[in-house]
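Asks: please find the sequence and the predicted model below.
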Amino acid sequence: MVEVRVHDLVLSAATGERLVDEVSLQVSSGRTLALVGESGSGKSLTAGALAGLLPTGVHHTAGEILFDGEATPSPGSEAYRTRVRGRIGFVFQDPMVALNPVLTVFRQIAEAVDPDRQLRPQQRAARVWELLEQVGLPDPATVATKLPGELSGGMCQRVVIAIAIARRPDLLVADEPTTALDVTVQAQILALLDRLRDELGAALILISHDLEVVAGHADDVLVLQAGRVVEQGPVDEVIGAPRRDYTRSLVAASPRLDSPRPNRHLFTLAADDRPVDRARIAALEVSTHYRGALRPALDAVSVHALPGEAVGLVGGSGSGKSTLLSHLAGLTSPDHGRILLDGQPVWIPRRRLRPRTPAERRAAAQLRRSVQLVFQDSWGSLDPYLSIGDSVAQPLIVAGASRHDRARRIKELFDEVELPVRLATRRPHELSGGQRQRVVIARALATDPEVLLADEPVSALDVTIQARIVELLARLQRERAMTMIVVSHDLAVIRLLTSYAYVLDGGRVVEQDDTDRLVTAPTHPFTRRLVESVPGGSCLAG
Amino acid sequence: MSTPTAVAGTGSQPVVPETLPVAAASRRRRGVLGIRVAAAVLGLVVLMVVAAPLLAPYDPNAQDLLLGATAPGTDGHLLGTDQLGRDLLSRLLFGGRPVLAVSVVAALLAGAVGILLGVSSGYLGGLVDDALSRLTEIQLAIPTILLAIVVIGFGATGLPVLVVILVLAEWPLFFRLSRSVVAALRQQPYLAAAVGYGASRARIVVLHLGRAVLPVAVVAFTLTFANAIALESSLSYLGLGVQPPQSDWGSMVAQGKAQLSDAWWISILPGLAIAAVVFATNRLGDRLADRASLGDHGGELGG
Amino acid sequence: MTVVDEAGETVVEDTDSPPRPTGEPRRRAGWNLRRLGLRLVGTVAALWVLVTLTFLGLHVMGNPVLQMVGETATDEQIETLSRAHGYDRPLLVQYTDFLTSVASGNFGSSLRYGRPALEVVVERLPATFLLAGAGMAGGVALGAAAGWLAVFGRRERGAGIPLAVLTGLQSFPAFFKGIVLMLIFAVLLGWLPTGGFTGWAGLVLPATTLALATAPAVGRVWRASLVGAERAPHVRTAIAKGLSPRRIRHSHIERNALGPVTTLVGLQLATLLGGALIVEQVFGWPGIGQLLFHAIESQDHPVVLAGTFVIGVVFVVVTLLTDELGRVIDPRTGAQ
C-alpha cells in the first residue's frame, strides 16, 4: 500500500520560466491517475520529477513530493533517486529508443532486477524469466536473447514494462506508453498496465494526450495546460461533464466515433452504386512485393474513388496503405496491376508508358499535377532551406506562372488554408506542426489538383490542432469538389472525412463499405478490432 | 538536422534525456582561435607568400658558400641562412608559393569532381552508387603516398603531377560527404513532392540538394586544403615534388635534415610554416563546421 | 496461462508448456556466411584491380631493361636482354603470365637483389608489423585517454587540454614531427638513436611519431562517439534503473560508443601496415614502405608488384578482422 502526494510542485527552466507551476496531485495503491494535456503542458516533466528524471536545464524550485506522508529530498537530485530507489517504475514513451540497442533483452532486464549486483546469477535469472512471463512475452527463451532492434514495438514496450516492474515498485509511471505503437497493440499494453497495477498492488500514473485512452483506463484525471492544473477529479466527471472551457475544448476536439461529421450532406452516394468505370482514380488488382519481405506489401488490391468522393484507407502499420497511396500518387510503381486516372492507364506492367513526344510529355506532366499528395511527416515535407512562401511557389514556378500571378496565387492559397500571409518569409522550423501541415496542404493545392491524397494527415499533431486540420480538409473538399483519398490508422478521422472506406490488413482489402456502416456494424474481425481499439469505439460497435 | 527522433505522436518536444552529473565536458569547446583569428592568420600568410617578390630581401636561390649556415637573427638575415648560404626568409616566402598554389588548385578540383560524383551517386543510387562507392573503397586500400609514387613513376615530377595526385587523394572526402548529405535527404518527402509537381531532376539536384550540400562543401574545402598542404610537403620531402633549385617547404625540411645537429633551424623553420598554415586552416574549417550545423535551422546559408 | 502472440491475439497456452529456463541464455554469434562470402569476393576483386593497375603503371613507365643496363648499352644488347626477361612479348601475354605466376606466389626475381621478389618483401614484414603495432597501440592509448578525458573529465582541471594538444599537433606533418622528436631526443639529449633497426631503443622515436599521428583521429572520434552515446534516450532508462554512474558509463555509454572507433582503428592500422613510408624514411626503419619506394625509383618491377600485392593482402585481411570484431562489439555495425 502506498500513497504518493505532490504538493505545489514548481519546476523552472534556466531562464526562470515556470514549466510546471504549482501542480498538486495525489494517487494511491490500486488507483490510476491520468495526467492529460497537450504538448508543453508539463505533464511529462511532472512525471519525470516523480521518477527523479529531470532533463538538463530544468530545476526544482518549489514544492515537494511525499511518499506515505514522508517528505523526500528535492526531485531531480541524486538524494531523491536514492530515496525512491526500487519504489518507482517508469515506462517510457518510445520503447525502441528507450532500450540499449547493443545489449540483449535479458541483460537489460537483469540490470533492472539487480542494479547493485547483489544477487547470485541463478536468482537474478529466475527473476528475469518470471518477469518475461508476467508481461506476456511469447517464447521468452528466444526473446531474451534478442536485441531490441529485432523486436516489434509492442514487444519492446513489454520489455520496458518488465524493466519498470523489476523491483516490484509501489508506483508505476507510464509516459505516453502507447503513442509510438500500432493501434491494435495499444489496447493490449494498456490492459497489461492495468493488470500489473493490480498484481503489484501499486498506484499507476498514466500520462496521455488522448482523452479517450484516459476515459477507458483511469480512475482520476488531472488536466494540465501550460504547466498549470486546469481541472481535476474523477474521470467521469471531468470528461463527462467538464467545468472549465479548456477541458471542454479538449473533449470536443477528440475525434470520437459519434461526433458529428462535417460533410455529412455530401455523403449521399449509395455504397452499392460505385461503378469502377466512372472512377476518377483507381488502382486495379495492384500487387507489390518488396525483395526480402516475407509476404507481399500489396496483394491484388483494388480501390477506387469517384469524382468528388472522399474515400478512406484504414489499417495498421504494415498493412500496405502507404504503399498503395504512393502508387496512386505516381511516385512508385506496383509490380502488377494497373493504376488509372479518369480511365486512362497511368501504368501498365511490362510496358512502362514513357512519354516520347513533347506533347505526350506535357500530357503526362499535366496528369501528374492533377494528383497531389499530402505527406504525413510535415517536418520532411518542406525544404528546410526554403521559406514557406518559396516552397508553396515551387509548383507554380515549375508550371511557368509569371511572378505577378505567383504572388497572387500564393496569397490565395494562404488564405484558403487560413495561414496569415506574413508568415510566408518564415522557415519551416519556425512554425508549429499545425501551421506546417497547412503549408504542405497549400503547396499541394497550388496546381489545382483534381485528386488529393493524404497520408496520415493529422497523426503527428496535437488533438486540438487535429480537429482544425480535419475541418480544413473537409472544407477544402467541399469547396473544391475534390476527389480525396485519406489514409489513416485512426478510424475516427476516417469517419469524419470520408464516406466510403477500405480496410487493409496484411496487404489485402479485408472489408470495404460505407464508412458509417463500417464503424457501426463491422463484419470482418480485423475491422472489429480496429473499432474496439478506438477509445469510445466500444460504446458504438455491437 | 535536428528532426525529432522521438515518436511523432503528439508533436511534443523530443525526448530529452538527462546528462549524468559525472559527464561534465559535453559542451562545445570555445577554442582560443576563433574564425576571425584563424582566417586572419591564413590571410596574412597567403598575402606574404603571394607578395614574395616584393617582400623577400634576397634572391632565394643566391648562394654564398663562404657564409654557410648562420643562425636566425644574424646580421642581415632575419631568419638565418642554410648550409649553402641562401637566405631562409626569402626561401620561406618563395617556398610557400608552390605549396599554396598546388593545394588550392587541387582542393578546388577535388571538390568539383567529388561533389559532382557524390551528388549524382547519392541521388541516383543503384548501380552507379555501388560502383563509385567501391571505387572509393578500393582507393582507401592504397596508401596515398604509394599512390603518389606510382603516379610519379609515370614520368616527370613537377607541379601539375602533384596536383593530379592531390586531386586523386582528396576527391573521396568530397564524394563521401556530399553523397551522405544527399543520401540522407533522398528519402525526404519534399523531394518526392517536387517530383509530384513536375520539377525536373536538374532542378531538384541544383536547387534543393545543392543548397544542402553547400555548407558541407565549404567546410570540406578548408579541410582538404589543409590536407593537401600536408600531403604536398610530405611528397616534396621525399623528393617527389618540385625540383631544385626551386624551393618548397617540404624539400627545405629534407635538405636541412643532415644539418640537424649544427643548424636545426634549416629544417625547423619551414616545418613551422607548414604547421602554422595547416593549423589555421583546420581551425577555420572546424569553426565553420560548428556554425554550419547550428545554422541549419536559422541563420543564413553560405556560412 | 494466457499469452499474447505477435498478431495481438490472446491465446491460452496449456499449463504443460516447456518449463521455465534457468540461467542466462546464450546468444548465437550470427556469422552470416552469405555476407562473408560476398566480402571475400569483393576482397579478391579489389586485390585484382590493385595488382592490375600496378602492372599497367609499371609498364607505362617504360622498358625496365633500360634501367638495368645504363646508358652505354647498344640496342642489340637491350633487345637480347628484353627477350631474355620476356619484356618483348605482347602486353596481354605478359599480363596473363603474370596473373598465373602471382596465383602461385611467384613474382619473379628482384632486379636489384637477385632473390625472389616475394621473399625480399616478406622478410621486411616483421619490422613493419613491429612499427605499425607499436605505433597504433600508442595512438590508441593516447587518443582514447584524451578523448575520454574530454568528455568525462573535469573542465576546470583542464580535462579538455590533452585532446586539444593532440589535435593541434595534427597540423604538423608526420615527417616534421619525426624530425623534431629526433632533434630533441636523439641529437640534443642523446637518449635515443637517430634511427635504424637497433632494438627497442630504435623503435621508440618512430613509434611515438606514428602514435602522435594516429592519436588525434582516434581521440576525436572517440569523443564524438561518447558524446553521442551519452545523449541517447536509453541512458535515461539506465538512470531510472538505479544503476551507479560508473556502471551506466561503462555499459550504456562506452559500450555503445565503441563501434565507430573500432572501424577507424582498423582502418588506420591497416594503412599503417602498408608501410608508414614517411616515418620509415625519416628514421631509416627497414620496413615495406621504404622497400617499395626504392623499388619504384630503381624500377625493380618484381619487387614493386610483390610489395603492392602483399600490402593489399594485409590491408584487406586486417580490415576484415577489425570489421568482424566491430560487429561483435556492436551488432548494429552491419546496418550502418
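Replies: Right, received. Where do you want to start? Residues are numbered from 1 along each chain as shown, chains lettered A, B, ... in the order given.
Asks: ok, stretch A:392-409 near chain B or not?
Replies: Yes. Contact between stretch A:392-409 and chain B is present through A:394, A:395, A:398, A:399 (criterion: Cβ under 8 Å from any Cβ of the partner chain). The C-beta positions use only the backbone N, C-alpha and C, and glycine is treated the same way.
Asks: now that stretch, how far from the centre of its chain.
Replies: Relative to the mean C-alpha coordinate of its chain, stretch A:392-409 is positioned 34 Å out (Cα atoms, centre = their mean, to the nearest Å).
Asks: what sits up against that stretch?
Replies: A:369, A:386, A:410, A:413-414, A:424, A:439, A:442-443, A:446-447, B:194, B:197-200, B:203 (Cβ atoms under 8 Å, 6 or more residues apart in numbering or on different chains).
Asks: residues of it that come out buried?
Replies: For stretch A:392-409, burial by neighbour count (16 or more other Cβ atoms under 10 Å in any protein chain shown) applies to A:392, A:393, A:394, A:395, A:396, A:397, A:398, A:399, A:401, A:406, A:409.
Asks: equivalent analysis for stretch C:174-182, please.
Replies: For stretch C:174-182, the neighbour count (16+ other Cβ under 10 Å) marks C:174, C:175, C:176, C:177, C:178, C:179, C:180, C:181, C:182 as buried.
Asks: same check, this time on stretch A:183-203
Replies: Quick answer for stretch A:183-203 (16+ other Cβ under 10 Å): A:183-190, A:192-194, A:196-197, A:200, A:202-203.
Asks: return the subset of the buried residues of stretch C:174-182 lying in strands.
Replies: Per DSSP state E, strands hold no members of the buried residues of stretch C:174-182.
Asks: run through these and flag the ones next to chain B.
Replies: Checking those against chain B (Cβ under 8 Å from any Cβ), the matches are C:174, C:175, C:176, C:179, C:180, C:182.
Asks: closest one to chain B out of those residues, please.
Replies: Distances from chain B to those, taken as Cβ to the nearest Cβ, are shortest for residue C:176 (3.9 Å).
Asks: ok, the residue nearest to the closest one when sequence neighbours are not counted to residue C:320 distance?
Replies: The shortest distance from residue C:176 to any non-neighbouring residue, by Cβ to Cβ, 6 or more residues apart in numbering or on different chains, is to residue B:271 (3.9 Å). According to Cβ to Cβ, to the nearest Å, residue B:271 and residue C:320 sit 37 Å apart.
Asks: ok, these two, which is more surrounded?
Replies: residue B:271 (24 against 16; other Cβ atoms under 10 Å in any protein chain shown).
Asks: so that one sits in a helix?
Replies: Yes. Under DSSP: H, G, I helix; E, B strand; the rest coil, residue B:271 falls within a helix.
Asks: shouldn't it be in contact with residue C:179?
Replies: Yes. If you go by Cβ atoms under 8 Å, residue B:271 and residue C:179 touch, sitting 6.8 Å apart.
Asks: what is in contact with these two at once?
Replies: By Cβ under 8 Å, 6+ apart, the residues touching both residue B:271 and residue C:179 are residue B:253.
Asks: is stretch A:183-201 positioned near chain B?
Replies: No. Using Cβ under 8 Å from any Cβ, stretch A:183-201 never reaches chain B; the gap is at least 10.8 Å.
Asks: does any bit of that stretch sit next to chain C?
Replies: Yes. Using Cβ under 8 Å from any Cβ, stretch A:183-201 reaches chain C at A:184, A:185, A:188.
Asks: count the neighbours of the closest residue to chain B within the stretch 101-250 of chain A for me.
Replies: The minimum distance from the stretch 101-250 of chain A to chain B, using Cβ to the nearest Cβ, falls at residue A:179 (3.3 Å). Look at residue A:179: counted by other Cβ under 10 Å, it has 21 neighbours.
Asks: on that earlier part again, which ones among the residues of stretch A:183-201 next to chain C map onto helices?
Replies: Judged by DSSP state H, the subset of those located in helices is A:184, A:185, A:188.
Asks: and residue 81, what element?
Replies: Just going to use chain A. helix A:78-84 (DSSP states H and E).
Asks: my question was about chain C
Replies: helix C:75-85.
Asks: one more: residue A:487?
Replies: strand A:483-488.
Asks: the very next helix or strand once past that strand and chain B in contact?
Replies: Note on strand A:483-488: by DSSP H and E, the next helix or strand toward the C-terminus is helix A:491-497. No. Judged by Cβ under 8 Å from any Cβ, helix A:491-497 stays clear of chain B, getting no closer than 14.3 Å.
Asks: after helix A:491-497 comes which helix or strand?
Replies: strand A:500-505.
Asks: just the angle between that following strand and strand A:483-488, please?
Replies: Orientation check (axes from the mean of the first three to the mean of the last three Cα atoms, to 10 degrees): strand A:500-505 against strand A:483-488 gives 40 degrees.
Asks: so for strand A:500-505, mean pLDDT?
Replies: Averaging pLDDT along strand A:500-505 gives 92.
Asks: repeat that for stretch C:48-61.
Replies: For stretch C:48-61, the mean confidence score works out to 71.
Asks: if we can go back for a sec, among the buried residues of stretch A:392-409, which one sits closest to residue B:221?
Replies: Using Cβ to Cβ, residue A:394 is the member of the buried residues of stretch A:392-409 that lies nearest residue B:221, at 28.9 Å.
Asks: ok, then the element right after the helix or strand containing that closest one?
Replies: Using DSSP H and E, residue A:394 sits within helix A:388-398. Using DSSP H and E, the helix or strand that follows helix A:388-398 towards the C-terminus is helix A:403-416.
Asks: for the stretch 151-300 of chain B, what spans make up the strands?
Replies: Assigned by DSSP state E, counting those that start in this stretch, the stretch 151-300 of chain B shows no strands.
Asks: one more: chain C?
Replies: C:2-4, C:10-12.
Asks: can you redo the residues of stretch A:392-409 next to chain B as a markdown table with pLDDT?
Replies: A markdown table is the format used below for the residues of stretch A:392-409 next to chain B (pLDDT from 0 to 100):
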| residue | pLDDT |
| --- | --- |
| A:394 | 91 |
| A:395 | 90 |
| A:398 | 86 |
| A:399 | 83 |
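Asks: where does the chain have low pLDDT?
Replies: Unless you meant another one, I'm taking chain A. Applying pLDDT under 70 to chain A flags the ranges A:255-260, A:262-272, A:346-357, A:359-365, A:535-542.
Asks: looking at chain C here, not the other one
Replies: For chain C (pLDDT under 70), the answer is C:1-20, C:22-23, C:27-31, C:57-73, C:85-88, C:275, C:331-336.
Asks: mind checking which residue lies nearest the centre of it?
Replies: residue C:270 (1.3 Å; Cα atoms, centre = their mean).
Asks: around chain B, pick out the residues from the stretch 401-542 of chain A.
Replies: A:427, A:429-430, A:432-434, A:440, A:443-444, A:446-447, A:459-463, A:465.
Asks: filter those down to the ones in helices?
Replies: A:433, A:434, A:440, A:443, A:444, A:463, A:465.
Asks: so which of these is the most crowded?
Replies: Busiest of these [other Cβ under 10 Å] is residue A:440, holding 29 neighbours.
Asks: can I get the ones next to chain B among the buried residues of stretch C:174-182 in a markdown table including distance to residue B:260?
Replies: Compiled in a markdown table, those are given as follows (distance: Cβ to Cβ, whole Å):
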| residue | distance to residue B:260 |
| --- | --- |
| C:174 | 17 |
| C:175 | 13 |
| C:176 | 12 |
| C:179 | 7 |
| C:180 | 10 |
| C:182 | 7 |
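Asks: and the two most separated of the residues you listed?
Replies: Longest span within those, Cβ to Cβ: C:174 and C:182, 12.3 Å.
Asks: my guess is residue A:253 meets residue A:467, correct?
Replies: Yes. Counting by Cβ under 8 Å, residue A:253 does reach residue A:467; the two are 4.0 Å apart.
Asks: now do residue B:154, the pLDDT please.
Replies: So, for residue B:154, pLDDT stands at 57.
Asks: measure residue B:227 to residue B:173 for me?
Replies: Applying Cβ to Cβ to residue B:227 and residue B:173 gives a distance of 8 Å.
Asks: let me see the contact set for the residue of the stretch 101-250 of chain B found nearest chain A.
Replies: Residue nearest to chain A within the stretch 101-250 of chain B (Cβ to the nearest Cβ): residue B:197, separated by 3.5 Å. Going by Cβ under 8 Å, 6+ apart, residue B:197 touches A:368, A:369, A:372, A:394, A:395, A:398, A:399, A:443, A:446, A:447.
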